[in-house]
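coords please:
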Amino acid sequence: MKVKYTIYTIFLVLIALKGNAQTGIEKKADKDYAQYAYIDAIATYERVAEKGYKDEKMFQKLGNAYYFNGELIKAAKWYDALFAMNADQEPEYYYRYAQTLKATGDYAKADKTLEAFNKKINTDKRGILFENNKNYLEQIKANSGRFEIADAGINSTQTDYGSAYYDNKIVFASARDTGGVVRNTFKWTNKTFTNLYSAELKSDGTVGKPERFEKKINSKFNESTPVFTKDGKTMYFTRNNFLDGKRGRDEQKITLLKLYKADFTNGKWTNVTELPFNSNQYSTAHPALSKDEKKLYFASDMPGTLGQSDLYSVTINSDGSFGKPENLGPAINTEGRETFPFISAENELYFASDGRPGLGGLDVFVSRISKDGTFSAIQNLGAPINSKQDDFAFIIDNEKRNGFFSSNREGGNGNDDIYRFTEIRKLLCKQILKGIVVDLETSKIVDNAKVTLLDEQFNAIGEVVTGSDGSYTFNVDCGKNYHIRASKQDYETKELPVAIKTVTGETNVLVSLEKRIKPIGVGTDLAKTLDIPIIYFNLDKSYIRKDAAFELEKILAVMQQYPKMKIDVRSHTDSRQTAKYNIALSDRRAKSTIQWLVKNGIAPNRVTGKGYGESQLVNKCSDGVPCTEAEHQLNRRSEFIIVSME
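Next up, the predicted model:
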């Protein structure tokens, strides 16, 4: 196992690299943010909630805010408060609550919550899977059983993995007759070096006896994962940072991985050179060629990587030079490991990942590369290719529908083994889910919004960012149920269920986002900005109700956030009672509100106010005009107008 992780785990130095980069980003974001006066509604709710105030919608928003950001333990705190306040929630909250309880280690309570979830909606497949003690995703189950697999017949008691096709042979990495001990600061001990081996592919599907690959390619360090051009004249491969007898190291004295190129001349592999985008400070590994051989795909933890390792592509120019590596982006990469890419003759990207829903460890996934370079919905290959352990390095001959993959599953010969397979049923996807994202209030296009595609279990399986036209597009499976989640800074995250039809075509969904972070300044009514209900005084009363104190805590939190802010409290009534009575009533209400704020720490010179009675009605409900109670209620309101910020 340690040998394999030496090769395909992108190393711990990544943590430091990403940590330093993120610190810089945060500092810049703080500086940019400080130039404006904004209210973060979620942060305000949290400050209010921490004081002991309870509100069901607030707990839902706080729980969702952390859940959508993957902070499940923090989400559990607010979902716990939500269910303590009212256990009769929509089914989805039961499922989210159970997931967050697992994150805290409270599996007993999580199981009870899932049981309640299943009773709420017993047709939901998630509840059924739980009741059957299964946690395989429905998509993975549907994709399973499409392969017949067997031991490749070339495995040793050591590590064998990472195969490639070459001249009617399979070339792979093996540690079968090499060994050694490496001790370094990353605690990688007792690692056995791998070299490249080749074996003949026989007509009956079996594999011949392995032979060591050419000496010029193999070194005293690790070699692995080659790929060959169709004409057999060029190979790319992975090796530790070692060339011409010289070993390279990073700043922490660690020898990382690099990609190398070799030419086949006069029957020999010669001219071993490293690729120009390598670095001593990060790893590049596991090359794969595009169908037209004009792009090289690989895994790396170079600066700009989204997770522990990402997949990249780089253009191979006609003169043999290389372009600038490009991250395949969030449509493919996650915060985990994406590695071992392979491009099939049908322009499918196969890769291994532990950042996506799977059966355990690394699973193999596939996505079709569209003509415009975008990726279709990513799908798990299912069992038996994937198992509870690590499964990776998948390659396929599209004409014969057979190939090889590597795994450390139980029952193997060594740490990792190579298996051969035959595909007996292809994976198809015929539907497109598309739409646009707009501003809820203005209906204007929202660009740069992140739109995430989720399966029925709310596992993210795709992600795009809207362009100037606000559009998003996903390739999805017919007859499946999905959710789409749209988010953007300054907006509330929105999530919508989507049922895909069972016929080929398109499914269009419009997503309207509501502003979350709203600009404030002189003239802003904080009641509207903070979504404070119009009524918090009873009819003919001027005392502050208990639920009104929760609303006023929002105002208090903002005034504490901006200690120089001054506001004017303007109280209004409906037209019932006389104008004189209403002026006096509204004035008492304004003074009662001011007194509450002052009592809770706001300096008296920061708050002014008065009552306006029925002089500023917002609708037709003046004296003598018949109106419903709801229409009258619209006029009973308080405004909190910012009059100064300095």
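
domains in the protein, as residue ranges please.
45-135, 142-423, 431-515, 520-644 (automatic domain parsing).

ok, of those domains, where does mean pLDDT dip lowest?
For the domains of the chain, mean pLDDT drops lowest on domain 45-135, to a mean of 79.

Centre of the chain to that domain, how far?
With Cα atoms, centre = their mean, to the nearest Å as the basis, domain 45-135 stands 20 Å off its chain's centre.

ditto for stretch 313-320
When C-alpha coordinates are averaged (Cα atoms, centre = their mean), stretch 313-320 and its chain have centres 30 Å apart.

Make residue 1 into 29 and carry on from there
New numbering, starting at 29: the last item is stretch 341-348.

how about that stretch: buried residues?
By neighbour count on 16 or more other Cβ atoms under 10 Å, the buried set for stretch 341-348 is 341, 342, 344. Every C-beta, even on glycine, is put in place using the N, C-alpha and C of the backbone.

ok, and what's touching it?
305, 318, 321-326, 350-354, 356 (Cβ atoms under 8 Å, 6 or more residues apart in numbering).

Could you pick out the buried ones from the residues you listed?
305, 318, 323, 324, 325, 326, 353, 356.

now the third one: how far from residue 440?
Translated: residue 323. With the distance defined as Cβ to Cβ, to the nearest Å, residue 323 ends up 33 Å from residue 440.

again with the second one
From residue 318 across to residue 440, the span is 31 Å (Cβ to Cβ).

before we move on, back to that, would you mind listing the two of the buried ones among the contacts of stretch 341-348 that lie farthest apart?
Spanning the widest gap among those are 305 and 318, at 16.4 Å by Cβ to Cβ.

And the buried ones among the contacts of stretch 341-348, which is closest to residue 631?
residue 356 (55.0 Å).

which residue packs closest to that closest one, ignoring adjacent ones?
Excluding the flanking residues, the one nearest residue 356 by Cβ to Cβ, 6 or more residues apart in numbering is residue 339, at 4.7 Å.

Test my guess that residue 168 contacts residue 413.
No - in this structure, residue 168 is not within contact of residue 413 by Cβ atoms under 8 Å, at 10.6 Å.

Which one's more surrounded, the two?
residue 413 (25 against 21; other Cβ atoms under 10 Å).

Okay, and that one sits in which element?
Using DSSP states H and E, residue 413 sits in no helix or strand.

about what we covered before: okay, the buried residues of stretch 341-348 in TSV with distance to residue 625 next?
As requested, those are arranged in TSV below (distance: Cβ to Cβ, whole Å):
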residue	distance to residue 625
341	58
342	60
344	67
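
Just the ones of those residues in strands?
In this view, the buried residues of stretch 341-348 that belong to strands under DSSP state E are 341, 342.

Closest one to residue 117 out of the buried residues of stretch 341-348, please.
For the buried residues of stretch 341-348, the nearest to residue 117 is residue 341 (44.4 Å; Cβ to Cβ).

so the closest one bridges to which residues?
Bridge pairing for residue 341 (DSSP bridges) gives the partners residue 325, residue 354.

how about the residue nearest to residue 356, secondary structure?
Following DSSP: H, G, I helix; E, B strand; the rest coil, residue 339 is assigned to strand.

residues of stretch 469-480 that come out buried?
Those would be 473, 474, 477, 478, 479, 480, for stretch 469-480 by 16+ other Cβ under 10 Å.

what's whatever helix or strand the last one lives in packed up against?
Under the assignment given by DSSP H and E, the secondary-structure element containing residue 480 is strand 478-482. For strand 478-482, the elements it packs on are strand 488-493, strand 499-504, strand 509-515, judged by 3 or more Cβ pairs under 8 Å, 6 or more residues apart in numbering; DSSP states H and E.

could you pull out the helices for the stretch 79-228 of the chain?
Along the stretch 79-228 of the chain, the stretches classed as helices by DSSP state H, counting those that start in this stretch are 84-96, 100-113, 119-132, 135-148, 153-159, 166-171.

and of the ones you listed, who's closest to residue 179?
Nearest to residue 179, of the helices of the stretch 79-228 of the chain and by Cβ to Cβ, is helix 166-171 at 22.7 Å.

Would you mark the buried spots in stretch 591-599?
593, 594, 595, 596, 597, 598, 599.

same check, this time on stretch 184-201
184, 186-194, 197-201.

from the residues you listed, which is closest to residue 117?
residue 189 (47.0 Å).

pretty sure the closest one is in contact with residue 446, am I right?
Yes - shown here, residue 189 and residue 446 form a contact pair, counting by Cβ under 8 Å, at 6.3 Å.

Find residues that contact each of the two.
200, 434.

ranges for the strands of the stretch 379-528 of the chain?
391-396, 407-408, 419-425, 430-435, 445-451, 459-467, 478-482, 488-493, 499-504, 509-515, 522-527 (DSSP state E, counting those that start in this stretch).

From start to finish, how long is stretch 336-349 in a straight line?
28 Å (Cα to Cα, to the nearest Å).

Surely residue 465 touches residue 496?
No - using Cβ under 8 Å, residue 465 is not in contact with residue 496; the gap is 11.8 Å.

joint contacts of these two?
residue 473.

before we move on, back to that, could you redo the helices of the stretch 79-228 of the chain as TSV and give each row distance to residue 452?
As requested, those are exported to TSV (distance: least, Cβ to Cβ, whole Å):
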stretch	distance to residue 452
helix 84-96	39
helix 100-113	39
helix 119-132	34
helix 135-148	34
helix 153-159	25
helix 166-171	13
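
Which one, of those helices, ends up nearest to residue 492?
The nearest among the helices of the stretch 79-228 of the chain, by Cβ to Cβ, is helix 84-96 at 16.5 Å.

Pull out the buried positions in that closest one.
Neighbour counts over helix 84-96 (16+ other Cβ under 10 Å) mark 86, 87, 88, 89, 90, 91, 92, 93, 94, 95, 96 as buried.

For residue 655, state which of the residues you listed is nearest.
Nearest to residue 655 among the buried residues of helix 84-96, with distances taken as Cβ to Cβ, is residue 86, at 30.8 Å.

And for that closest one, nearest residue in space, chain neighbours not counted?
According to Cβ to Cβ, 6+ apart, the nearest residue to residue 86 is residue 73 (4.8 Å).
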